[in-house]
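[1] only geometry, no sequence info:
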């Protein structure tokens, strides 16, 4: 009774409660998300991939316009990358047009990985590249996100505690229901800086082993950053929301390029 009658004590207790809640949001949920991602059964991962690609193909992506020969070259490069990545995931490369007519938000030059190993790469990213080595670097980076289960962790963290029950129950019906929300989480979310660093480390190691340099990935990252800034500036001038935030899963480009330089220097 005495404690309740003191405003200072009551406000202090409220402050402690708010601090604990904030700490749980900042540290607890990410830790739970990482644990849940590591424990999620493979059938649930396959459900996520199937539901997400179905949604994206209907709303944001169109059939690729690349020639059959070009597609075959990229598929062969992807197989080499995934053999090195391992992990037993259901790897597949989906080549898609990122600027289809009628899409609400054009994705443009982009690549992203889904939890079970599906990697989507747009025609526009292929056109932006100046060598297949650059695209191999991107594919190795996305494979690093798959093996680290970074995408699934980001989805769990973005959608909150409810989705974590899928990892505990392994309920495929629930997984299918929740997977419908995965595209939205991917579109508005992104990877943590730690996840990007780990994926870059994996990609850098693969590039050093294969080509002896990380320059291909550094070059295309710099080109992507320049293109996104130009697109955002054009959208601001037009009074529209920038599309640069859409699937903006690669924050801190300058820092990432610096990290890739360090990987190369250490590998020499």
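    Here it is on my side, so go on. As the structure is a computational prediction, the values presented were derived from the model and not from experiment. Numbers count the residues shown, from 1 in each chain.

[2] Give me the residues contacting the helix or strand residue 80 falls within.
    Per DSSP states H and E: residue 80 is located in helix 68-85. With C-beta atoms under 8 Å, 6 or more residues apart in numbering as the test, helix 68-85 has contacts from 64, 66, 89, 91, 93, 95, 117, 119, 121, 126, 132, 135-136, 139-140, 143-144, 146-147, 202, 206, 209. C-beta here means a position set from N, CA and C on the backbone, and glycine is covered the same way.

[3] of the residues you listed, buried ones?
    Among the contacts of helix 68-85, those classed as buried by 16 or more other C-beta atoms under 10 Å are 64, 66, 89, 91, 93, 95, 117, 119, 121, 126, 132, 135-136, 139-140, 143-144, 146-147, 202, 206.

[4] what does stretch 196-205 contact?
    85, 137-138, 140-145, 147-148, 150, 191, 214, 217, 250-252, 256, 259-260, 263-264, 267.

[5] go again using 6 Å as the cut-off
    137, 140-141, 144-145, 148, 214, 217, 256, 259-260, 263 (C-beta atoms under 6 Å, 6 or more residues apart in numbering).

[6] follow-up on the earlier one: mean confidence (pLDDT) on the helix holding residue 80, please.
    For helix 68-85, mean pLDDT rounds to 97.

[7] Parallel or antiparallel, which strands does the following helix or strand past it pair with?
    Reading on from helix 68-85 to the C-terminus, the next helix or strand found by DSSP H and E is strand 92-97. The pairing partners recorded for strand 92-97 under DSSP bridges are strand 62-63 (antiparallel), strand 118-122 (parallel).

[8] Next, count neighbours for residue 48.
    Counted with other C-beta atoms under 10 Å, residues neighbouring residue 48 total 25.

[9] so it makes contact with residue 115?
    Yes - if you go by C-beta atoms under 6 Å, residue 48 and residue 115 touch, sitting 4.8 Å apart.

[10] ok so, going back, just the ones of the contacts of helix 68-85 in helices?
    Using DSSP state H, the subset of these located in helices is 126, 132, 135-136, 139-140, 143-144, 146-147, 202, 206, 209.

[11] Output those in a markdown table; the columns should cover pLDDT.
    Output for these, formatted as a markdown table (pLDDT from 0 to 100):
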| residue | pLDDT |
| --- | --- |
| 126 | 97 |
| 132 | 97 |
| 135 | 98 |
| 136 | 98 |
| 139 | 98 |
| 140 | 97 |
| 143 | 96 |
| 144 | 95 |
| 146 | 94 |
| 147 | 93 |
| 202 | 96 |
| 206 | 97 |
| 209 | 96 |
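
[12] Please point out which parts of stretch 50-57 sit buried.
    50-53, 55-56.

[13] Who are the contact partners of the residue nearest to residue 127 when sequence neighbours are not counted?
    In this structure, residue 127 finds its nearest non-sequential neighbour in residue 109, 7.4 Å apart by C-beta to C-beta, 6 or more residues apart in numbering. Counting by C-beta under 6 Å, 6+ apart, residue 109 touches 124-125, 128.

[14] Run through the chain and note the low-pLDDT ranges.
    Scanning the chain for pLDDT under 70 picks out 1-5, 21-34, 158-190, 229-251.

[15] just the helices in the stretch 151-268 of the chain please.
    161-169, 172-179, 182-188, 193-211, 215-238, 253-267 (DSSP state H, counting those that start in this stretch).

[16] okay, now residue 131: neighbour count?
    Counted with other C-beta under 10 Å, residue 131 comes out at 12.

[17] and residue 141, how far is that from residue 207?
    Per C-beta to C-beta, to the nearest Å, residue 141 is found 10 Å from residue 207.
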